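[1] One predicted model, sequence on top.
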Amino acid sequence: MYGKRFAMLVMAVLAVAMVVTSCKPAEKLRTDLNLNHGTEPPTLDPNLMTDTTSVESAYQMFMGLSKLDSQTVEPKPWLATKWEVSADGLTWKFFLRKDVSWVRWDPATKKAEKKRPVTAHDIVYSVRRVANPATASDYAYVDYIIKGVEAVNTGESTDMESIGVKALDDYTVEFTLTQPAGYFPSIAGMWTNYPVPHEPVEEFGDKWTEPGNIWTHGPYVLDVWEHESRMVMKKNPLWFDAKTVSIETINWAMVNEASTAFAMYENGELDVSAPPLEDMDRVKADSVLSKELYIGPVLCTYYYGFNTSKAPTNNPKVRQALSYGIDRQKLIDTVLKGGQLPAQTFACPGIFGTPADDPKFPGIKFDPAKGKAMLAEAGYADGKGLPEITLMINTGSGHQKIAEFVQQSWKENLGIDVKLANQEWAVYLKTVKEDAPQVYRMGWCADYPDENNWVLEVFHPTKSANDPNWAGPDADEFARLTEAAAAESDPAKRAAYYFDAEKLLCVDSAVIAPIYYYTTVATTKPYVQRVYSKTGHNELWTWKVLAQ
């Protein structure tokens, strides 16, 4: 009897506990997030993007057929639900979701207008628009693996129907490739190939991406874009998974100076910020800020490129000398202080085919004596007679401090003077593309984790932007190696090709001087629940901001 009464009492207590648990207050969330773009996005047109700021914006408002997993960096279905590839690897079919629509946000009424479904025809329109030389897409070369794109983009053909992309029905798109490529799902999901709506493009032309004109179909819509000042995104209430998105407003500042942005962070005006280089020691020593600091891996490389068409960097020995004259480890230890690694290859660790961790790779390391010897062999012993060299960076205190370190390093180790110059981001990108100085700074983050995305798609003499203007026998051999690697199915053979290609790029021809492999260095307020992505792209629709 006692046991029965005790059991009944326990059951009653458990029942009360269950009621108490079920009545637990819901998590209180804030609905806004304050971030800093750091600069004006040059464009919100996915077909025209080449920079990280623009891509970060598009990533929140559009969906690719695939997207890279934030941790494994493997392509996962996104706008597509699945894909299939033919036995010969040349034909890919992507099956689209049927619950994604184009949405126009009205900034005046703060209401979303559903336009029509996103279909396979939008993918076809986008790929053809990228290929069309009149669009002037700087990333068109990424699609050269699609049959007919290169011929149309280079003007050899005007037949858009010849391009290997077609809608089999409203929700199935088929691609035909020039060669097998197991990494194609990643290319298909890149912003370059995001579906684009023809209606606003044709109605508004270059202004189609302005608030009130733009149609998007991702987690967020564009509410405000005050150029050079701020941007506001609103949650897309008509997105298929809107119920899971808790942040309803993203406020983007466009503060270029890291010190100003970090002061805003410390003052509570920004929820996330990158500490200025000069504050890293203070942040690490601070009892509060040190807990908010995150340093982690990301698939990116910081490098200096050389314009091979301008003297004196048209001489490979001068380029080698400059690379040998950079003390990368000292730069990391005394300036960066963010756990970065000195780079000797373009592709960082974690990329298929990179020789970054291969002890046999003869990368250029800090060696002043060898640098001086290279200068002498080039005819500029002790720097005498060396034509003026300009190192240009995009405006930013971090890039400035790195450039000043390298400038001083070259002075101390090679005995040469180098002039520094800087430009705002959008202007800088145009300068590098059209008339780069002798040395320019750039970074590259993985669009997908394969060397093809690094060596062929960045430095191939004809199938990339080729900012260094690389030409001649070494460039031709580089082209052969990267093309052979792209077409090769054997992983070991592909890696061997990439070893030789990286050696040409970074050592023998020294077209670039890899500086360091990035880490993500960020401070985030403790009330922000986020995921740190290895891809460098933040999925803000998955974040939460707890109410204070």
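    Perfect, thanks for sending it. Note that the coordinates shown come from a computational prediction; the quantities given were computed from them, not determined experimentally.

[2] so where's this structure uncertain?
    For the chain, the stretches flagged by pLDDT under 70 are 1-26.

[3] Swap in 90 and give it another go.
    Counting by pLDDT under 90, the chain has low-confidence residues at 1-28, 489, 536, 548.

[4] Could you chop it up by domain?
    For the chain, the structural domains run 32-254+525-546, 295-520, going by automatic domain parsing.

[5] residue ranges of the strands in the stretch 401-548 of the chain, please?
    For the stretch 401-548 of the chain, the strands defined by DSSP state E, counting those that start in this stretch occupy 419-423, 439-445, 512-524, 528-529, 544-546.

[6] Give me the three-state assignment for the closest residue in space to His121 that isn't next to it in sequence.
    In this structure, His121 finds its nearest non-sequential neighbour in Ala167, 4.9 Å apart by C-beta to C-beta, 6 or more residues apart in numbering. All C-beta atoms are positioned from the backbone trio N, CA, C, and that covers glycine. For Ala167, the reduced secondary structure class is strand; criterion used: DSSP: H, G, I helix; E, B strand; the rest coil.

[7] residues contacting Ala167?
    Remark: with contacts taken as C-beta atoms under 8 Å, 6 or more residues apart in numbering, Ala167 is in contact with Thr119, Ala120, His121, Ile123, Val124, Val173, Glu174.

[8] sorry, back to before: format the domains of the chain as TSV; extra columns: distance to Leu277.
    Compiled in TSV, the domains of the chain are given as follows (distance: least, C-beta to C-beta, whole Å):
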stretch	distance to Leu277
domain 32-254+525-546	14
domain 295-520	5
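
[9] closest one to Val272 among these?
    Using C-beta to C-beta as the measure, domain 32-254+525-546 is the one of these that comes nearest Val272, at 5.7 Å.

[10] Check the offset of the closest one from the chain's centre.
    Chain-centre distance of domain 32-254+525-546: 14 Å, with C-alpha atoms, centre = their mean, to the nearest Å.

[11] Can you give me the end-to-end span of that domain?
    Using C-alpha to C-alpha, to the nearest Å, the end-to-end distance of domain 32-254+525-546 comes to 10 Å.

[12] And for stretch 206-213?
    With C-alpha to C-alpha as the measure, the first residue of stretch 206-213 is 11 Å from its last.

[13] With stretch 523-538 instead?
    When the end residues of stretch 523-538 are compared by C-alpha to C-alpha, they are separated by 14 Å.

[14] and it, which residues are buried?
    Of all the residues in stretch 523-538, those buried under the rule 16 or more other C-beta atoms under 10 Å are Thr523, Thr524, Lys525, Val528, Arg530, Ser533, Lys534, Thr535, Gly536, His537, Asn538.

[15] Spatially nearest residue to the third one (excluding sequence neighbours)?
    With C-beta to C-beta, 6+ apart as the criterion, Lys525 has its nearest non-adjacent residue at 4.9 Å, and that residue is Asp271.

[16] One more: the second one?
    On the basis of C-beta to C-beta, 6+ apart, the spatially nearest residue to Thr524 that is not a chain neighbour turns out to be Val272, at 4.9 Å.

[17] how many neighbours does Phe366 have?
    For Phe366, the count of nearby residues is 18 (other C-beta atoms under 10 Å).

[18] Could you look up the SS state of it?
    Strictly by three-state DSSP, Phe366 counts as coil.

[19] Test my guess that it contacts Ile332.
    No - contact between Phe366 and Ile332 fails when scored by C-beta atoms under 8 Å: they sit 11.5 Å apart.

[20] re the thing from before, now for the residue nearest to Lys525: which residues touch it?
    Contacts of Asp271 (C-beta under 8 Å, 6+ apart): Leu33, Asn34, Leu35, Tyr265, Thr524, Lys525, Tyr527, Val528, Val545.

[21] Could you single out the nearest of the residues you listed to Tyr144?
    Of all the contacts of Asp271, Tyr144 sits closest to Leu35, with 34.4 Å by C-beta to C-beta.

[22] Tell me the strands beside the helix or strand hosting the closest one, with direction?
    Using DSSP states H and E, Leu35 maps to strand 32-36. If you go by DSSP bridges, strand 32-36 pairs up with strand 249-253 (parallel).

[23] Mean neighbour count, the strands of the stretch 401-548 of the chain: which tops it?
    Comparing the strands of the stretch 401-548 of the chain by mean neighbour count (mean count of other C-beta atoms under 10 Å), strand 512-524 ranks first with a mean of 22.

[24] list the helices and strands that one packs on?
    If contacts are counted by 3 or more C-beta pairs under 8 Å, 6 or more residues apart in numbering; DSSP states H and E, strand 512-524 sits against strand 272-273, helix 289-292, strand 293-306, helix 316-324, helix 328-331, strand 341-342.

[25] So which of the ones you listed is nearest Lys503?
    Across the helices and strands packed on strand 512-524, the minimum distance to Lys503, taken as C-beta to C-beta, is reached by helix 316-324, at 12.5 Å.

[26] angle of the closest one against strand 512-524?
    Taking axes from the mean of the first three to the mean of the last three C-alpha atoms, to 10 degrees, helix 316-324 and strand 512-524 form an angle of 30 degrees between their directions.

[27] Was I right to think Gly379 contacts Gly385?
    Yes - counting by C-beta under 8 Å, Gly379 sits close enough to Gly385 to count as a contact (7.0 Å).

[28] Neighbour count: the two, which is higher?
    A count of neighbours by other C-beta under 10 Å puts Gly379 above the other of Gly379 and Gly385, at 13 against 10.

[29] Secondary structure of that one: a helix, I assume?
    No - remark: Gly379 does not belong to a helix; assigned using three-state DSSP, it is coil.

[30] could you measure it against Lys317, distance?
    For Gly379, the distance to Lys317 under the criterion C-beta to C-beta, to the nearest Å works out to 9 Å.

[31] Could you do Lys243 as well?
    Shown here: Lys243 relative to Lys317, a distance of 62 Å by C-beta to C-beta.
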